[in-house]
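**Student:** just coords:
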């Protein structure tokens, strides 16, 4: 798992993945939630306890040698994120979204933009071949991933990312990982995607479930906190 470029580009500032663990008491759902700044991972109670014990037993230098924070291990296996930086001056601003010399880049096939209106969740779907690279370019979005891959180290995990104009982020989504997104607030959100394969009009690499499918342990409703 990587969260920064291997090519010498600036790494995210210290504290981007704050090293803290928040346990919320949710007896009805029985879940543990890990809450870094723009990212949240949800495990079932049993899975979370196993991962906490495994993390304690893991030598710290094995993570440090990879330049990883402890909580970065909570990302779904194969998912990679990069904090993006907007360069501002008195004329406006510019932001790079994906470069061929970034470690997240695999290959270019096409790009497209998708728009989501407030109150709508575009979910759930996954791809068997395609890898997605999401960047929210307008408004704020909630991008959510669920891992039910049988042999994944993070099977059962849900990642939630808050991304957009106020928190620009590149999210790389591997094949076979369920994902979807929704607008945050009362404005539409716009996401640019750089998939690694061309869209096949005759046989789309798209496999879907409804946004409220009970097999995925996530609710799109906003919860009062």
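**Tutor:** Arrived safely, thanks for sending. Please read these numbers as outputs of a predicted model, since none were measured by experiment. Numbering: from 1, shown residues only.

**Student:** contacts and neighbour counts: CA atoms only from here.
**Tutor:** Noted.

**Student:** Surely residue 181 touches residue 144?
**Tutor:** Yes. In this structure residue 181 lies within contact range of residue 144 using Cα atoms under 8 Å: 6.0 Å.

**Student:** all helices of this protein, in order?
**Tutor:** Counting by DSSP state H, the chain has helices at residues 45-57, 60-64.

**Student:** weakest of those helices by average pLDDT?
**Tutor:** Among the helices of the chain, helix 60-64 has the lowest mean pLDDT, at a mean of 36.

**Student:** Show me how the protein divides into domains.
**Tutor:** Per automatic domain parsing, the domain ranges recorded for the chain read 12-74, 78-153+163-208.

**Student:** Out of those, name the one with the poorest average pLDDT.
**Tutor:** Note on the domains of the chain: lowest mean pLDDT is at domain 12-74, with a mean of 42.

**Student:** Report the buried residues of stretch 159-170.
**Tutor:** Judged by neighbour count (16 or more other Cα atoms under 10 Å), stretch 159-170 contains these buried residues: 159, 160, 161, 162, 163, 164, 167, 168, 169, 170.

**Student:** Now the fourth one: closest residue in space that isn't a chain neighbour?
**Tutor:** With Cα to Cα, 6 or more residues apart in numbering as the criterion, residue 162 has its nearest non-adjacent residue at 4.8 Å, and that residue is residue 142.

**Student:** what residues are up against the one you found?
**Tutor:** By Cα atoms under 8 Å, 6 or more residues apart in numbering, the residues touching residue 142 are 160, 161, 162, 163, 181, 182, 183, 184.

**Student:** Bridge partners for it, pull those for me.
**Tutor:** In this entry, residue 142 is beta-bridged to residue 162, residue 182, by DSSP bridges.

**Student:** how about the strands in this protein?
**Tutor:** 31-34, 39-44, 80-83, 86-89, 92-95, 112-116, 121-126, 132-138, 140-146, 158-164, 169-173, 178-183, 189-193, 207-208 (DSSP state E).

**Student:** Could you list the residues in contact with the fifth one?
**Tutor:** Defining contact as Cα under 8 Å, 6+ apart, one finds that strand 92-95 is touched by 84, 85, 86, 87, 88.

**Student:** swap the cut-off to 7 Å and go again
**Tutor:** Strand 92-95 is contacted from outside by 85, 86, 87, 88, using Cα atoms under 7 Å, 6 or more residues apart in numbering.

**Student:** pretty sure residue 176 contacts residue 128?
**Tutor:** Yes. Here residue 176 reaches residue 128: they are 5.4 Å apart, a contact under Cα atoms under 7 Å.

**Student:** residues touching residue 86, list them.
**Tutor:** Each residue near residue 86 by Cα under 7 Å, 6+ apart is listed here: 93, 94, 95.

**Student:** at 8 Å what do you get?
**Tutor:** Each residue near residue 86 by Cα under 8 Å, 6+ apart is listed here: 93, 94, 95, 96.

**Student:** circling back: looking at residue 176 and residue 128, which one has more neighbours?
**Tutor:** A direct count of neighbours by other Cα atoms under 10 Å for residue 176 and residue 128 places residue 176 higher, at 18 against 12.

**Student:** Sweet, I'm off.
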